[in-house]
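> Sequence and computational prediction follow.
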Amino acid sequence: MHFSADYLAAVYCAARKKQPPAIGIVVWFVFCVSAVYVPRFDRSEAVPRPTCELCRKEGILHPQDVFKAHPKPQPAIDGPSLLITGIHRAHPLYPGHSKMVMSNRILRLPYEVQYSTHQSTGESKGNIPRLSFGEAISDLGLDLSEVQLDILFQKYDADKGGSIDLDEFKELMSDPVLAGLTPSRDVKFAMDLFKTYDADKSGSIDKGEFRVIAREIQANARRRSIFSIAAAAIGATIVADYSQEYQFAQKKFRSFYIEPLAEVAQKKAFPTALLSSDADEAIAKTLYRRGFTPKNTILAHSICSDEVNNAPEQLVPLMMKRWEEGFSLGGLAGVPFAGKSGFAACLHHVPDNGKLLIMFAPHVGIDATGKLGALQRDGQVKVSSACGAAVGAYKALQTKAAASVPDNEADPESFDPQLQSIVTMLKPRLEGIEMAIDPITYVTYQLYAIIRDKVCDCVSQTPELWEFTNEVALVGGIMINRRVGGDFFQPLSFESRSKEGDNVERTDLYEDAFGKRADLSSVLGSEKAVACFYNKK
């Protein structure tokens, strides 16, 4: 059985859609192994073909039964089969009904390849007639006019029989006119192949040498099948668009290409961070148990508008793919600058009697040296800031503090409302930053707290919320951008809110989804900072 890489990729993708990753891969692997090792089925043999009068009398339709009607061996003389000097049992009408019976010597000398290819099957069969002579000379790499061809033909048609036999062809091949010519690619390939397998240099190939050829052909066919399977696996992984198999491979093989210093820095600053795909899966499993589905749920997200957060392997694109849509609330640094008006607009898009899922997070990059707040972006050699707004706001505060610039003094020509708002909200939260493991890490965690407070304000200060939804799930954390090895998510909060009578019930879902909360005292520098950070709004 022979299948193209595209076909195998299609089977692979079909398997993954209905099964967990491991089962999908096993199904696909079994299919591919069967494609390599199951004997080939030639469809032409399943279709009845025209048969000769003798076959029809015997009632023979299948090629395998032809020898019942043609028991007498006949010399093989049809076309290129003259390369075979053994015996065929030949069918008069259907060449597929012939089967070679090997003699001790099978293939002739290499220069006879060109000769036999152009032999006639007519009255002068076994020879090259004048009509085929021009094509034979052309295949040898010589472009002659008809007059020149006539002269050359007459020169070597010694018996003037109107055709060139094998002995005459041998003399022709030694003519000075043909000196230095290169035969056609197919003929040259046949000659080179002959020389390769004529181990004893006898000028012919015997049964033993032919067996070597057969084994090599079989091995090559299987190698091609294996390469097709490998190509299918690569192609299917690519077209999977960060599907389960891509995520599975990403986790299994990321140790081969991660940046060690970035990995260490991430472990210190974000101790329980998950690959984005794992975080998406954990969130979904928890919410599925509570009745959230793509049909009854709308996703709203408040993340930074930086393009690195929209890469296919990032958390929000994965969640949007799962929940089938997403409403954007966020602006620079992930702060929900859509405000209460934007949140109200989102509520009007919730399915009837449906649910609302809100995901919020700032983001931070880690470069190959382990520096936080930096990232080498695709297509750029230089490292740039990530999150640029967070780093910019922190630097602006440092500059103001160094220059003793009053808070109310602003550039009247500037128009940077979002960054100015971030600077204003961040300033009172920087107390204790000197005790943290890293200033940008501390700023990123504080930005999370700012975003969390603003999102929770929108939820708690919108009285008509429960007219549009019966449950709100809020999941928050920090997105971590990496150059290689996949992006991560440090979960920090996950809760559900629902209206029961006049009361709003809050259910903490964090440990169900992510396990025990991380101890951030060594990250933020003090228990006070952690206590303040985890305060519920």
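Great, that's in hand. Since the structure is predicted, the reported quantities are computational estimates derived from the model, not experimental observations.

> Might you list the low-confidence residue ranges for the chain?
Low-confidence regions of the chain, defined here as pLDDT under 70, cover residues 1-126, 139-142, 177-188, 191, 202-203, 232-257, 404-414, 533-537.

> The longest helix along it packs against which elements?
Here the longest helix in the chain is taken by residue count, with DSSP state H as the criterion, and it is helix 207-239. Packed against helix 207-239 by the contact rule (3 or more CB pairs under 8 Å, 6 or more residues apart in numbering; DSSP states H and E) you find helix 5-18, helix 21-37, strand 105-107, helix 185-197, helix 244-253. C-beta coordinates here come from the backbone N, C-alpha and C atoms, glycine included.

> Work out for me the element Ala389 sits within.
According to DSSP states H and E, Ala389 maps onto helix 388-403.

> which is the next helix or strand following that helix?
Next in line after helix 388-403, if elements are assigned by DSSP H and E, sits helix 417-426.

> What about the residue nearest to Ile433 when sequence neighbours are not counted, how many residues nearby?
Here the nearest residue to Ile433 in space, its sequence neighbours aside, is Tyr442; by CB to CB, 6 or more residues apart in numbering that works out to 4.7 Å. The tally of other residues near Tyr442 (other CB atoms under 10 Å) stands at 24.

> and if you look at Leu397?
Around Leu397 sit 18 other residues, with neighbours defined as other CB under 10 Å.

> from what I can see it touches Leu426, true?
Yes - in this structure Leu397 lies within contact range of Leu426 using CB atoms under 8 Å: 6.7 Å.

> And the helices in the stretch 251-400 of the chain?
Taking DSSP state H, counting those that start in this stretch as the criterion, the stretch 251-400 of the chain carries its helices at 260-269, 276-288, 315-323, 339-347, 388-403.

> any chance of these in JSON lines, plus distance to Arg497?
Listed next are the helices of the stretch 251-400 of the chain as JSON lines, based on distance: least, CB to CB, whole Å:
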{"stretch": "helix 260-269", "distance to Arg497": "30"}
{"stretch": "helix 276-288", "distance to Arg497": "13"}
{"stretch": "helix 315-323", "distance to Arg497": "18"}
{"stretch": "helix 339-347", "distance to Arg497": "14"}
{"stretch": "helix 388-403", "distance to Arg497": "28"}
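
> List just the one of those that sits closest to Gly486.
Ranking the helices of the stretch 251-400 of the chain by distance to Gly486, with CB to CB as the measure, places helix 276-288 first at 6.8 Å.

> Buried ones in the closest one, by neighbour count?
When burial is assessed from 16 or more other CB atoms under 10 Å, helix 276-288 yields the following buried residues: Ser276, Ser277, Asp278, Ala279, Asp280, Glu281, Ala282, Ile283, Ala284, Thr286, Leu287.

> try stretch 500-515
Neighbour counts over stretch 500-515 (16+ other CB under 10 Å) mark Leu509, Tyr510, Ala513, Phe514 as buried.

> And stretch 162-178, by the same measure?
By neighbour count, and taking 16+ other CB under 10 Å as the criterion, the buried residues in stretch 162-178 are Ser163, Ile164, Asp165, Leu166, Glu168, Phe169, Leu172, Met173.

> Out of those residues, list just those in strands.
Ser163, Ile164 (DSSP state E).

> Could you export stretch 379-397 as CSV, CA atoms only?
Written as CSV, here are the backbone C-alpha positions of stretch 379-397 (Å, rounded to 0.1, in the frame of the first residue of the first chain):
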residue,chain,number,x,y,z
GLY,A,379,12.4,39.3,12.9
GLN,A,380,14.5,41.5,15.2
VAL,A,381,18.1,41.1,16.3
LYS,A,382,17.9,43.5,19.2
VAL,A,383,16.2,42.7,22.4
SER,A,384,13.2,45.0,23.3
SER,A,385,11.1,45.6,26.3
ALA,A,386,8.2,43.4,27.2
CYS,A,387,5.9,44.6,28.6
GLY,A,388,7.0,48.0,27.1
ALA,A,389,4.2,49.9,29.0
ALA,A,390,5.2,48.4,32.3
VAL,A,391,8.9,49.0,31.9
GLY,A,392,8.1,52.5,30.5
ALA,A,393,5.9,53.4,33.4
TYR,A,394,8.5,52.2,35.9
LYS,A,395,11.3,54.2,34.2
ALA,A,396,9.1,57.2,34.1
LEU,A,397,8.6,57.0,37.8
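
> Not counting it itself, show me its contacts.
Applying CB atoms under 8 Å, 6 or more residues apart in numbering, the contact partners of stretch 379-397 are 304, 306, 308, 332-334, 362-365, 367, 371, 373-377, 418-419, 422-423, 426-427, 430, 439-440, 443-444, 447, 481.

> if we go to 7 Å?
Judged by CB atoms under 7 Å, 6 or more residues apart in numbering, the contacts made with stretch 379-397 from elsewhere in the structure are 304, 306, 308, 332-333, 362-365, 367, 373-377, 419, 422-423, 426-427, 430, 439-440, 443-444, 447, 481.

> Could I have the buried ones of those residues as ChimeraX selection syntax?
Command for ChimeraX that selects the buried part of the contacts of stretch 379-397, burial taken from 16+ other CB under 10 Å:
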select :304,306,308,332,333,362,363,364,365,367,373,374,375,376,377,419,422,423,426,427,430,439,440,443,444,447,481
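
> pretty sure Asp487 is in contact with Pro312, am I right?
No - with contact defined as CB atoms under 7 Å, Asp487 does not reach Pro312; the gap is 10.1 Å.

> between those two, which one's more packed in?
Each of Asp487 and Pro312 has its neighbours counted (other CB under 10 Å); Asp487 has more, 23 against 11.

> For that one, give me its contacts.
Per CB under 7 Å, 6+ apart, neighbours of Asp487: Ser276, Ala311, Glu313, Gln314, Met479, Ile480, Asn481.

> One more pass at 10 Å, please.
Applying CB atoms under 10 Å, 6 or more residues apart in numbering, we find Asp487 in contact with 273, 275-277, 279, 308-309, 311, 313-315, 318, 363, 365, 479-481.

> Then Pro439?
For Pro439, the residues meeting the contact criterion (CB under 10 Å, 6+ apart) are Leu372, Gly373, Val391, Tyr394, Gln398, Leu430, Ile433.

> Next one: the closest residue in space to Pro294 that isn't next to it in sequence relative to Gln376, how far apart?
Distance criterion CB to CB, 6+ apart; nearest residue to Pro294, sequence neighbours excluded, is Glu324 at 4.6 Å. The gap separating Glu324 from Gln376 is 33 Å, by CB to CB, to the nearest Å.

> go on, Gly161?
For Gly161, the distance to Gln376 equals 79 Å [CB to CB].

> again with Gly388
Distance, Gly388 to Gln376, by CB to CB: 14 Å.

> Can you pull the residues that touch both of those two?
Shared contacts of Gly388 and Gln376 (CB under 10 Å, 6+ apart): Gly365.

> Now the phi/psi pair for Leu144, please.
Note on Leu144: its backbone torsions stand at phi -120, psi 150 [degrees, to the nearest 10].
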